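Trainee: Make a model of this:
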Amino acid sequence: MERRRIGILGATGTVGQRFIQLLENHPWFEIAWLAASDRSAGKTYGEAVKWKLDTPLPARVASMVMQPNTPAQSGVDLPRIIFAALDTDVALELEPLFAEAGCAVISNSSAFRMTADVPLVVPEVNAAHLPLLEGQKTRANGGGYIVTNPNCSAIGLVLALKPLADRFGIESLFVSTMQAISGAGYPGVASLDILGNVVPFIKNEEEKMQEEVFKLLGHMNDGAIEMLDAKLTAHCNRVAVIDGHTECVSIKLRKPAPREEILQAWAEFRPLQDEHLLSAPDQPVYYNDAPDRPQPRLDLMAGNGMSTTVGRLRPCSLLDWKFTLLTHNTIRGAAGAAVLNAEVLARMQKLPNSPVSEAKA
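Mentor: Alright, predicted model coming up:
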């Protein structure tokens, strides 16, 4: 795979830092451009960022000069692949500018997830939706486009649901989440609000979860997404955990499913195993049969943070079955999801040419 230059928009935030951590030594991509807010432009990344990850800030990246956050003002050659980690209101303004400039915008924002011609993708679940990008006006005009990954709570859920939907069908879902504070970004939730506490409200989270799951598990029909025909209700809570979203799920299936067949569906779910994608976990859904798992402290980094861990499968007296799942919210639920989307697009030859060798010539 030819190594390509990439940029990171929103590079100083929680997800932006994860992008740097995941991409700094990626053999397919080289970080060549960084931008965040207007006040960061002109500073080195080391001066602009409050680095919060448990790995050192790469020296090369720390010395890079932050650029203005619009394509027209960039002081260096703009890469044509942009990983975006922006707040929704900022993404609504900036992401289309980069697509219009001919960039592939691999977005973690919710701004365009439900737009009809924007793919909302988890590759193991619905890579078949990626052709939607060909219908975007910017694709026809200059080659640029936007591709998104879902909300951090929806990603782990749909990974666990996809093999069940394919084999048994889904009629209804009841989901209650316990979401880590890193999902709120930095500085996030005030310590006096979250320590020793549970906050039973995350703005727009329940609505995002409900609508995104139906798009992700829907089917392409005549060039458009036909949403999953099911019911879902969600309760979303913020808890005093640094990383890792835990979800308790009850599910009613359209066909009867013995416990052994559900476990088999999860174990055999390996749709990307022949694609040789560097960020794809060997086992996207891992079942832990211990009675008290999964737990964020013990199971967070399954599959290098890219697997969903499921446990406690048991009968549900209200629906059919219930189980618990755990996903790393800033890796699989955010930056890692976008990197995997970019790898799939590279395999499909849908990424613009922005080779490292050309930039250094």
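Trainee: Could you use CA atoms for every contact and neighbour count after this?
Mentor: Noted.
Trainee: okay, now the nearest residue to Gly223 once chain neighbours are set aside: neighbour count?
Mentor: Nearest residue to Gly223, sequence neighbours excluded (C-alpha to C-alpha, 6 or more residues apart in numbering): Leu132, at 7.0 Å. Other residues within reach of Leu132 by the criterion other C-alpha atoms under 10 Å amount to 18.
Trainee: And for Gly10?
Mentor: The number of residues packed around Gly10, counting by other C-alpha under 10 Å, is 23.
Trainee: Now it. Its backbone dihedrals?
Mentor: In terms of degrees, to the nearest 10, the main-chain angles of Gly10 are phi 90, psi 40.
Trainee: Could you check how far the spatially closest residue to it that is not a sequence neighbour is from Asn69?
Mentor: With C-alpha to C-alpha, 6+ apart as the criterion, Gly10 has its nearest non-adjacent residue at 4.3 Å, and that residue is Ala36. Using C-alpha to C-alpha, to the nearest Å, Ala36 is found at 6 Å from Asn69.
Trainee: between the two, what contacts are shared?
Mentor: By the contact definition C-alpha atoms under 8 Å, 6 or more residues apart in numbering, Ala36 and Asn69 are jointly contacted by Leu9.
Trainee: the more surrounded of the two?
Mentor: Regarding Ala36 and Asn69, a neighbour count based on other C-alpha under 10 Å identifies Ala36 as having more, with 25 against 21.
Trainee: name the element Pro256 belongs to?
Mentor: Under the criterion DSSP states H and E, no helix or strand holds Pro256.
Trainee: That one contacts Ile170, doesn't it?
Mentor: No - between Pro256 and Ile170 there is no contact, the gap being 10.7 Å when judged by C-alpha atoms under 8 Å.
Trainee: Same drill for those two, tell me which one is more crowded.
Mentor: Ranked by neighbour count (other C-alpha under 10 Å), Pro256 and Ile170 place Ile170 first, with 22 against 11.
Trainee: what about that one, distance to Ile251?
Mentor: When distance is defined by C-alpha to C-alpha, Ile170 is 7 Å away from Ile251.
Trainee: How about Ser172?
Mentor: Counting by C-alpha to C-alpha, the gap from Ser172 to Ile251 is 6 Å.
Trainee: Equivalent analysis for Leu298, please.
Mentor: If you measure Leu298 against Ile251 using C-alpha to C-alpha, the figure is 25 Å.
Trainee: more crowded one of these two?
Mentor: In this view Leu298 and Ile251 are compared by other C-alpha under 10 Å, and Ile251 has more residues nearby, 23 against 9.
Trainee: doesn't the more buried one fall inside a strand?
Mentor: Yes - the assignment for Ile251 by DSSP: H, G, I helix; E, B strand; the rest coil puts it in a strand.
Trainee: ok, it touching Lys322?
Mentor: Yes - using C-alpha under 8 Å, Ile251 and Lys322 qualify as a contacting pair, with a distance of 6.2 Å.
Trainee: between those two, what contacts are shared?
Mentor: Common neighbours of Ile251 and Lys322 (criterion: C-alpha under 8 Å, 6+ apart): none identified.
Trainee: Any regions of the stretch 251-361 of the chain where pLDDT drops low?
Mentor: By pLDDT under 70, the low-scoring segments of the stretch 251-361 of the chain are 357-361.
Trainee: Okay, helices next: where are they in it?
Mentor: For the stretch 251-361 of the chain, the helices defined by DSSP state H, counting those that start in this stretch occupy 259-267, 296-299, 336-347, 356-360.
Trainee: Could you dump the ones you listed into JSON lines with distance to Gly311 added?
Mentor: Shown next, in JSON lines, are those (distance: least, C-alpha to C-alpha, whole Å):
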{"stretch": "helix 259-267", "distance to Gly311": "10"}
{"stretch": "helix 296-299", "distance to Gly311": "11"}
{"stretch": "helix 336-347", "distance to Gly311": "22"}
{"stretch": "helix 356-360", "distance to Gly311": "43"}
